[in-house]
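**Student:** using only what follows, build the 3D model:
(3 chains)
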Amino acid sequence: MTFQSVNYWKKLPLILLLLVNGAVFAESAQNPSKDNGWWDIPYPQQFDSAELTHKQSFIKVKGNHFVNDKGDTVVFQGVNISDPDKLLRDGHWNAKHFDVIKQWGANVVRIPVHPISWRGHGANEYMKLIDQAVIWANQRDLYLILDWHSIGNVIDGLYQHPMYDTTLSETKQFWRSIAYRYKNVPTIAVYEIFNEPTLYGGQLGDVSWKEWKAFNEEVISIIYAHDTNVIPAVAGFNWAYDLRPVKNEPIDAKGIAYIAHPYPQKTKPPYIDSWENTWGFVAKKYPLICSEIGFVREGEPGAHMPVINNDGSYGPIITDYLEKIGASWTAWVFDPDWGPMMIKDWNYTPTEQGAYFKSVMTKNKHR
Amino acid sequence: MTFQSVNYWKKLPLILLLLVNGAVFAESAQNPSKDNGWWDIPYPQQFDSAELTHKQSFIKVKGNHFVNDKGDTVVFQGVNISDPDKLLRDGHWNAKHFDVIKQWGANVVRIPVHPISWRGHGANEYMKLIDQAVIWANQRDLYLILDWHSIGNVIDGLYQHPMYDTTLSETKQFWRSIAYRYKNVPTIAVYEIFNEPTLYGGQLGDVSWKEWKAFNEEVISIIYAHDTNVIPAVAGFNWAYDLRPVKNEPIDAKGIAYIAHPYPQKTKPPYIDSWENTWGFVAKKYPLICSEIGFVREGEPGAHMPVINNDGSYGPIITDYLEKIGASWTAWVFDPDWGPMMIKDWNYTPTEQGAYFKSVMTKNKHR
Amino acid sequence: MTFQSVNYWKKLPLILLLLVNGAVFAESAQNPSKDNGWWDIPYPQQFDSAELTHKQSFIKVKGNHFVNDKGDTVVFQGVNISDPDKLLRDGHWNAKHFDVIKQWGANVVRIPVHPISWRGHGANEYMKLIDQAVIWANQRDLYLILDWHSIGNVIDGLYQHPMYDTTLSETKQFWRSIAYRYKNVPTIAVYEIFNEPTLYGGQLGDVSWKEWKAFNEEVISIIYAHDTNVIPAVAGFNWAYDLRPVKNEPIDAKGIAYIAHPYPQKTKPPYIDSWENTWGFVAKKYPLICSEIGFVREGEPGAHMPVINNDGSYGPIITDYLEKIGASWTAWVFDPDWGPMMIKDWNYTPTEQGAYFKSVMTKNKHR
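**Tutor:** Here you go, the predicted model:
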């Protein structure tokens, strides 16, 4: 990449700000002042739970399921929204978005926080977006799953795409910031530590389950050092499909859930045996959330490996199976541009999968 | 953090170099020239010891104490200044500051280099500030302790505040740069490797003493590969309070010192037994420096956990105890804005603790 | 973080992409658009091998030597060019440069990619330069060795000079990008993983061969996960001079080569015994490339430790020895500014070593 002119540099103080903390040094010699030095950067603040108008239970793990304050079993069924930054750009980061989701019958919304988006806004600004989600969700008695939406190998620092680039340190710092901020907030029930760990057939290096387990256990310990009223959730390799190591080497932590993303092309129909052996068995012992499920016909917008299912049969098979094993789920994705889409447009016209998942959520809501 | 004016940046070419190496690429196509390519970035230079007008001993470790060239025992008693960048902004980065400290009876000044400040200026520019400190201190026969002033968990990359953010690599590179630059300078007697390691009750992750020990040993080996005429100093966990692991697993390196920061609220009065068991015992075998001590009454400026002591009794108890065990100390902090303050204003009016530590230093200076 | 004006951003997309991923956030609120979000950053593309007009064999390892498609032994003899960015600035990044190298009798060109240069251009832009080198080399039936030209300790993140600064993650990502891009390209025969590992007498920390071996093995596994038709090459410590650990602890990977940089001052004349014991022995079992050899008389341009040889005797001794053990080589460096130079000026006037290596390559070319 070649710069066409150096003059732009003179005009671009803000770039620099973005880049390094050291920004405040610019003024040191010319404008001596002790009032806005780097030592006065404010410490983070906790979310003011007085802003929550609706009483919600802190959700807890009991055996292999979630319970509310009364001890009732809670099964989450809902949707993924797109990254709040994406909705902000679209002009749809608003209460109405949560209204529609509630009307569709969801009781939970998963928020995928992309590392590139987190850094782009900066932690403090991004958390203001999450604050809004908390308020909008709480007003509608929805719960939230907060998801650090990276894909790749965080141990070695190799990722599938720049939007997923992060580091071990940034990931731990993210959870530290979040766990501190939302300590007293029942609305965010689940912290999904790392969206989709994958080695991409070796293209992203090599990591053992032992290393992956240790990483998750340290993040969980950081979360619990701030807040024990939240449920950390752990995914397995192969883009959150493979939880087999949990059989012999479960994560050494209490009160957690496991995550699977069983898109249709991760195995062949009739699915069930493979699902059971690869991740479904976990639900016998631990709470399980399929935090991404979804499908679309080939040639339709948003179709890509591994979400293609040409006869729509995947929908009922997955939701019936998850109901049978008592697992929670959130469909991917309540957005008209990201695939597989649940809505066709900003009139919220359902796609095929959108209509299907809406019908399941609506039915369950009223029984 | 917001810039009010972009003009300062025009004066700050070094910031750009600091921020991205790639800056020099700006001109590549339009202004082909081999004379200022990235391959011509100058290698670092050593401090010119001819600038030192006063003959000072290289201080060495002998048993559990420091000695000068003649073999006389040296006990350091002095003050912490604030970060040179802070003094620069205040318009007080000058010889007078060192004059006053000398007049108060100090024989040593500890300089806390905050990582955010080091990066903000860039290594080369920051070392010019340290160069000045070396010259001012040498002229007054003061010694310096150079302190990499981070707080947190450098192994996992989690810190208490953005001003303390650093990395393992930056920390090692800092000591490499410093050890190279000041190899022939007796004035800087002590390199304090990492100010205050802390896990913050697990909020900053988890590190074993074994890992912490190995980190310090590698930094010491990097320092010694450049310069063996300097004393590396190692702190323990709990914000440099807890040196108990030194009993069974001391740092495997010769010629080093240990560090403790026994602020009043780290334990309860009458203090001594806890101090003895937690860090004081180290002084029987190794040189010990309490490189931060200090106190202030509740409600006074600068009061915060753990420095509050409401009857002023901490002052004589700590200095008497340190005298008894032969430990060195530097009080925190010779600045009217950072707490607990030793001075009230830029007339150098002593605070309560300032007056107390001044009286001790002055007395010891004349005996 | 608050932007005072978004207008500058519109003019500078490339800078921003280079500097921080987050750049695209600048316009989010003011200019809502889903068409150029961070989620649309294009995935990397492979080199279009249809651009290769000349049929070249994929070079493979067979026993201790290289072979072409017919099974003929291939010995590489050629030159190092300077970094493509340097040639671009000089106005000499062109086909003529490769013409002259071909005329000198070379069959291979080593391209040193300096991390500072890679980052400065950005991966995508830099790979366009490598694309050009591939086309120019292919047209002339030259092979390429691609070299990640860092010097230092990549495990600890300490380097000899800012131009060599990189990280473990960036190094792995570099090889991932390269291995993906050039999968179908026979022209780049060798991937030299890390130019010159060195601990600089401890100034750059401490790394065991075991750690160094594991690092190389992981990079090789990343390369092979993309492309098994390429030869990864591994250097030893002491600036790629010391391969003795290969005797008992060889790199655990098939199809690789080893690298040595036996400049004249790495040992004393008559050289051969030391060379044999330190790196030459490797050639009995594995393919060996001396990817940097070269010399210059003291006082001549480019003279510096360890390349000085005052009687020119080094030239024939090294090339005869390498011919005897069947090792490949590339002389450093086909540039009039970097030392030791092979050319005096942009008329390509040979220096003493330039004339010597030219004569050897020309002779071997015709036999």
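**Student:** quick check: residue A:116 vs chain B, distance?
**Tutor:** Using C-beta to the nearest C-beta, to the nearest Å, residue A:116 is found at 18 Å from chain B. To be clear about C-beta, it is placed using only N, CA and C from the backbone, and glycine gets the same treatment.
**Student:** element containing residue A:258, please.
**Tutor:** Using DSSP states H and E, residue A:258 sits within strand A:257-259.
**Student:** give me the contact list for that strand.
**Tutor:** Under the contact criterion C-beta atoms under 8 Å, 6 or more residues apart in numbering or on different chains, strand A:257-259 has outside partners A:61, A:66, A:190, A:192, A:231-236, A:240, A:243, A:246, A:279, A:282, A:286-291.
**Student:** quick check: pLDDT value at residue A:365.
**Tutor:** If you check residue A:365, the pLDDT there is 73.
**Student:** which ones are touching it?
**Tutor:** A:105, A:107.
**Student:** do that again at 10 Å, thanks
**Tutor:** By C-beta atoms under 10 Å, 6 or more residues apart in numbering or on different chains, the contact list for residue A:365 reads A:77, A:102, A:103, A:104, A:105, A:106, A:107.
**Student:** helix/strand/coil for it?
**Tutor:** Secondary structure assignment for residue A:365 (DSSP: H, G, I helix; E, B strand; the rest coil): helix.
**Student:** give me phi/psi at residue A:109?
**Tutor:** phi -130, psi 130 (degrees, to the nearest 10).
**Student:** which residues of the stretch 101-250 of chain A fall in helices?
**Tutor:** For the stretch 101-250 of chain A, the helices defined by DSSP state H, counting those that start in this stretch occupy A:115-121, A:123-139, A:168-181, A:209-226, A:237-240.
**Student:** could you dump these to CSV with mean neighbour count?
**Tutor:** Below are the helices of the stretch 101-250 of chain A laid out as CSV (neighbours: other C-beta atoms under 10 Å in any protein chain shown):
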stretch, mean neighbour count
helix A:115-121, 24
helix A:123-139, 19
helix A:168-181, 21
helix A:209-226, 19
helix A:237-240, 22
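**Student:** export these to a markdown table and tack on distance to residue B:70?
**Tutor:** Output for the helices of the stretch 101-250 of chain A, formatted as a markdown table (distance: least, C-beta to C-beta, whole Å):
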| stretch | distance to residue B:70 |
| --- | --- |
| helix A:115-121 | 56 |
| helix A:123-139 | 55 |
| helix A:168-181 | 47 |
| helix A:209-226 | 51 |
| helix A:237-240 | 65 |
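**Student:** among those, which comes closest to residue A:39?
**Tutor:** With C-beta to C-beta, the closest approach to residue A:39 among those belongs to helix A:123-139: 17.2 Å.
**Student:** the residue lying closest to residue A:70 once chain neighbours are set aside: which element?
**Tutor:** Nearest residue to residue A:70, sequence neighbours excluded (C-beta to C-beta, 6 or more residues apart in numbering or on different chains): residue A:57, at 7.4 Å. Under the criterion DSSP H and E, no helix or strand holds residue A:57.
**Student:** any idea of the pLDDT on residue A:57?
**Tutor:** As predicted, residue A:57 sits at a pLDDT of 97.
**Student:** try residue A:17
**Tutor:** pLDDT, residue A:17: 31.
**Student:** ditto for residue A:148
**Tutor:** pLDDT, read off for residue A:148, is 98.
**Student:** shouldn't it be in contact with residue A:195?
**Tutor:** Yes. The pair residue A:148 / residue A:195 is scored as a contact, 6.4 Å apart, by C-beta atoms under 10 Å.
**Student:** identify the contacts common to the two.
**Tutor:** By C-beta under 10 Å, 6+ apart, the residues touching both residue A:148 and residue A:195 are A:112, A:113, A:114, A:115, A:164.
**Student:** who wins for most neighbours among the residues you listed?
**Tutor:** In terms of neighbours by other C-beta atoms under 10 Å in any protein chain shown, the shared contacts of residue A:148 and residue A:195 top out with residue A:114 at 28 neighbours.
**Student:** contacting residues around it?
**Tutor:** Counted by C-beta under 10 Å, 6+ apart, residue A:114 has contacts A:82-86, A:120, A:147-151, A:161-166, A:195, C:21, C:38-39.
**Student:** if we use 8 Å, what do you get?
**Tutor:** Going by C-beta under 8 Å, 6+ apart, residue A:114 touches A:83, A:85, A:149, A:150, A:163, A:164, C:38, C:39.
**Student:** how close does the third one sit to residue C:309?
**Tutor:** From residue A:149 across to residue C:309, the span is 57 Å (C-beta to C-beta, to the nearest Å).
**Student:** contact partners for the residue nearest to the spatial centre of chain A?
**Tutor:** Nearest residue to the geometric centre of chain A (C-alpha atoms, centre = their mean): residue A:147, 1.9 Å. By C-beta under 8 Å, 6+ apart, the contact list for residue A:147 reads A:110, A:111, A:112, A:113, A:192, A:195, A:291.
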